[in-house]
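1. Sequence and predicted model, in that order:
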Amino acid sequence: MALVPASNATPRLRGAVFGLGMIGRHHARLLQQMDGVEFAGAVDPGGDRFGVVHEPSRIFGSAAQLLASGPLDFAVVAVPTEEHLPVTRELAAAGIHPGHPSLYGPNGPPPQPSTAAGPRRPHEERDDG
């Protein structure tokens, strides 16, 4: 009977960055340095103008190209605001969570306030008194 040593290695998550602009370039740089992350690549139609992606083969011009390179565990969406929804929809359709856990910390998102009249929405005005 052969003994197989137990592995203490934590599986690496495969992640990507969408957008290599002023913010996305920092996410790409950091993801490439993280021990628990396999950097799948970055998507930016303009390429890597800041030169942050170490391997040129990991720069993609479209989400479809990156997704064809293999499955993702997560994605960081760092595109201009008006492009967030289309990119997020494309990722969601592919079964990828486009999130950024550090926005909330280890306990997840804060609870939403609730009143008898229901939760407030930023675009609604209501007189509570």
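-> Yep, it's here.
2. a helix runs through Arg14, doesn't it?
-> No - with DSSP: H, G, I helix; E, B strand; the rest coil as the criterion, Arg14 is strand rather than part of a helix.
3. how close does Thr10 sit to Thr88?
-> 27 Å (Cβ to Cβ, to the nearest Å). To be clear about C-beta, it is placed using only N, CA and C from the backbone, and glycine gets the same treatment.
4. Give me the more crowded residue out of those two.
-> Thr88 (18 against 8; other Cβ atoms under 10 Å).
5. element containing the more buried one?
-> Taking DSSP states H and E as the criterion, Thr88 maps to helix 84-93.
6. and that helix, which residues are buried?
-> Residues of helix 84-93 classed as buried: 87-88, 90-91 (neighbour count, 16 or more other Cβ atoms under 10 Å).
7. Mind putting these into TSV with pLDDT and distance to Phe74?
-> Listed next are the buried residues of helix 84-93 as TSV, based on pLDDT from 0 to 100; distance: Cβ to Cβ, whole Å:
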residue	pLDDT	distance to Phe74
Val87	92	13
Thr88	90	12
Glu90	91	14
Leu91	91	9
